[in-house]
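Q: any chance you could fold what I've pasted below:
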Amino acid sequence: MDSALYENYLNILKQELVPALGCTEPIAIAYAAAKARQILGEFPDTVEMLLSGNIIKNVKGVTVPNSGGLKGIDVAAILGIVGGNADKALEVLSEVTPKDIALTKELIAKNVCSCSLVQNVDNLYITAKVIKGGHYASVTIEHQHTNVTHIEKNGEVILDNPYRSDNITTVDKSKLAVKDILDFADQVKIEDVQPILDRQIKLNSAISQEGLDNNYGAQIGKTLMHVWGKSVTTRACARAAAGSDARMGGCSMPVVINSGSGNQGMTVSLPVIVFAEEWEVSHEKLCRSLVVSNLIAIHQKYYIGSLSAYCGAVSAACGAGAGITYMYGGTYQQVSLTIINTLGNVGGIVCDGAKPSCAAKIASSVDAALMAFQLSIQNKSFLPGEGIIKDDIEETIKSMGYIGRVGMRLTDTEILNVMIDQADINQDC
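A: Reported below is the predicted structural model:
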């Protein structure tokens with residue numbers, strides 16, 4: 001494999017598969033607010049949050065981790081200011097204390113935090129402005145959850161670089177392709193990827209078990225295990241769902257994310273781990289299969305974008321299905337058919353924000369991906385010309401990405417309108 005492409009794929013995994021504490025959108029708000037307080041250098045009187053629609057959508061209904069079960073934009077922002085450690089990025093709330101939570105509740109009652117919707121910005125856009133008397137500091141995050149693009153204090157611009165990345169390594173996701181991903185999985189030196197993937201296995205398995213052992217959200221994972229039995233298919237769906245149950249329910253345990261999302265990180269990994277246990281494959285084979293699942297998911301999200309009306313559980317489940325097909329010994333053609341069969345079935349599930357029902361969407365998506373796997377190993381699939389399916393796997397991925405990024409743009413707006421009660425849902429069609 002070309003050495004430049006090899007390094008690019010390896011660096012994509014290093015950049016994407018990082019730990020995060022809690023749902024990444026409220027965490028990004030907490031990080032921006034904590035960073036702004038750090039820049040201000042003193043505890044503020046008030047905070048103003050300026051947010052894109054997708055950020056509002058993904059924070060409105062999810063429990064903020066280490067908050068004592070609290071939800072909302074103001075909770076994430078104030079808790080970040082009160083007890084956040086900006087130096088810890090996506091683990092900004094890992095050091096929050098009960099005293100911090102108590103003070104956060106007091107400040108929420110005093111309405112010290114305001115929130116405004118910002119139009120015509122990136123889908124992932126956050127500005128936190130903290131104010132103390134006549135002094136202020138503001139921090140803006142765009143494109144990625146920790147990508148600080150603008151810092152200002154008392155009118156002085158400290159940083160203004162919209163394209164700045166916090167990562168030293170630059171990667172090119174446009175170079176991802178299914179065939180090359182499979183070649184990379186075959187050829188990668190296991191010592192290059194095992195530390196990254198071992199962390200994903202350990203952390204994501206732990207929060208999944210937490211979701212099965214305790215009562216979080218709608219208890220999708222626990223319910224599936226109770227009602228559907230303990231087949232490998234049920235366990236794959238239930239373990240991924242249980243991780244989301246816990247995460248959306250405010251569990252403070254970290255997970256390794258994929259494409260900026262903890263839910264996607266769990267969906268792309270836990271079903272593969274379950275099948276590896278069932279089939280008793282070697283640890284090396286599991287790692288190589290996770291290389292496939294993670295990169296296939298990232299490949300699809302490149303065309304869809306970070307946040308949209310398209311549920312990321314689908315692209316992540318596609319990745320898991322592809323990884324399982326690879327683990328089974330499937331060919332390039334069969335891996336491609338798994339992706340096609342999944343997209344032809346559940347492609348287009350809408351995202352209406354981070355919340356407990358994400359666990360159910362994960363279970364449905366994984367179930368569809370496993371059916372797609374079973375079809376693909378028998379060389380059965382949906383055919384080109386049927387809906388969005390194209391002659392080529394890469395064109396099919398691009399077509400689904402176009403629908404998610406462009407076709408569902410208005411859908412995204414209307415979902416937000418419904419969520420904030422600004423839609424006329426009784427109008428005649």
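Q: convert the C-alpha atoms of stretch 198-211 to PDB, please.
A: Provided in PDB are the C-alpha atoms of stretch 198-211 (Å, rounded to 0.1, in the frame of the first residue of the first chain):
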ATOM      1  CA  ASP A 198      -7.800  -1.400  22.700                       C
ATOM      2  CA  ARG A 199      -8.900   1.900  24.300                       C
ATOM      3  CA  GLN A 200     -12.100   1.800  22.100                       C
ATOM      4  CA  ILE A 201     -12.800  -1.800  23.100                       C
ATOM      5  CA  LYS A 202     -12.200  -1.100  26.800                       C
ATOM      6  CA  LEU A 203     -14.100   2.100  27.300                       C
ATOM      7  CA  ASN A 204     -17.000   1.400  25.000                       C
ATOM      8  CA  SER A 205     -17.500  -2.100  26.500                       C
ATOM      9  CA  ALA A 206     -17.500  -0.700  30.000                       C
ATOM     10  CA  ILE A 207     -20.200   1.900  29.400                       C
ATOM     11  CA  SER A 208     -22.300  -0.700  27.500                       C
ATOM     12  CA  GLN A 209     -22.200  -3.000  30.600                       C
ATOM     13  CA  GLU A 210     -23.100   0.000  32.700                       C
ATOM     14  CA  GLY A 211     -26.200   0.500  30.500                       C
END
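Q: run the chain-centre distance for stretch 34-41.
A: 26 Å (C-alpha atoms, centre = their mean, to the nearest Å).
Q: try stretch 60-71
A: 17 Å.
Q: what distance separates the start and the end of that stretch?
A: 7 Å (C-alpha to C-alpha, to the nearest Å).
Q: list of residues touching it?
A: Residues outside stretch 60-71 that contact it (C-beta atoms under 8 Å, 6 or more residues apart in numbering): 21-23, 25-27, 30, 72-73, 75-76, 79, 83, 93-94, 96, 98, 101, 104-105, 108, 248-252, 353-356, 419-420. Backbone N, C-alpha and C define where each C-beta goes, glycine included.
Q: pLDDT (mean, whole number) over that stretch?
A: The pLDDT scores in stretch 60-71 average 88.
Q: nearest the geometric middle of this structure, what residue?
A: S261 (1.2 Å; C-alpha atoms, centre = their mean).
Q: I'd guessed that residue sits against T24; true?
A: Yes: assessed by C-beta atoms under 8 Å, S261 is found in contact with T24 at 6.0 Å.
Q: sorry, back to before: now, the contacts of stretch 60-71 that are in helices?
A: In this view, the contacts of stretch 60-71 that belong to helices under DSSP state H are 25-27, 30, 73, 75-76, 79, 83, 98, 101, 104-105, 108, 248, 419.
Q: give me the buried entries from these.
A: 25-27, 30, 73, 75-76, 79, 83, 101, 104-105, 108, 248, 419 (16 or more other C-beta atoms under 10 Å).
Q: quick check, nearest of the residues you listed to M400?
A: Using C-beta to C-beta, E25 comes nearest to M400 of those, at 22.9 Å.
Q: what sits against the closest one?
A: Taking C-beta under 8 Å, 6+ apart, we find E25 in contact with N54, I55, N58, V59, V62, H145, L307, A354.
Q: could you export the residues you listed as TSV, including distance to V256, secondary structure and neighbour count?
A: Shown next, in TSV, are these (distance: C-beta to C-beta, whole Å; DSSP: H, G, I helix; E, B strand; the rest coil; neighbours: other C-beta atoms under 10 Å):
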residue	distance to V256	secondary structure	neighbour count
N54	22	helix	24
I55	22	helix	30
N58	19	helix	26
V59	21	helix	29
V62	19	coil	24
H145	14	coil	25
L307	19	coil	24
A354	17	coil	25
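Q: mind listing the helices for the stretch 151-300 of the chain?
A: 178-187, 190-213, 220-228, 232-248, 262-279, 283-304 (DSSP state H, counting those that start in this stretch).
Q: restrict the third one to CA atoms and write it as PDB.
A: This file holds the C-alpha atoms of helix 220-228, laid out as PDB (Å, rounded to 0.1, in the frame of the first residue of the first chain):
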ATOM      1  CA  ILE A 220     -33.600  -0.100  25.300                       C
ATOM      2  CA  GLY A 221     -30.600  -2.400  25.700                       C
ATOM      3  CA  LYS A 222     -31.900  -4.100  28.800                       C
ATOM      4  CA  THR A 223     -35.300  -4.500  27.200                       C
ATOM      5  CA  LEU A 224     -33.900  -6.100  24.100                       C
ATOM      6  CA  MET A 225     -31.900  -8.600  26.200                       C
ATOM      7  CA  HIS A 226     -35.000  -9.400  28.300                       C
ATOM      8  CA  VAL A 227     -37.500  -9.700  25.400                       C
ATOM      9  CA  TRP A 228     -35.400 -11.000  22.400                       C
END
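Q: and that helix, what does it pack against?
A: Helices and strands touching helix 220-228, as assessed by 3 or more C-beta pairs under 8 Å, 6 or more residues apart in numbering; DSSP states H and E, comprise helix 190-213, helix 232-248, helix 358-376.
Q: what's next to that helix, contact-wise?
A: 208, 211-212, 215, 234-235, 237-245, 356, 359-360, 362-363.
Q: now it against helix 190-213, angle please.
A: Per axes from the mean of the first three to the mean of the last three C-alpha atoms, to 10 degrees, the angle that helix 220-228 makes with helix 190-213 is 70 degrees.
Q: buried ones in helix 220-228?
A: I220, G221, K222, T223, L224, M225.
Q: pLDDT wise, what is the fourth one at?
A: Translated: T223. 97.
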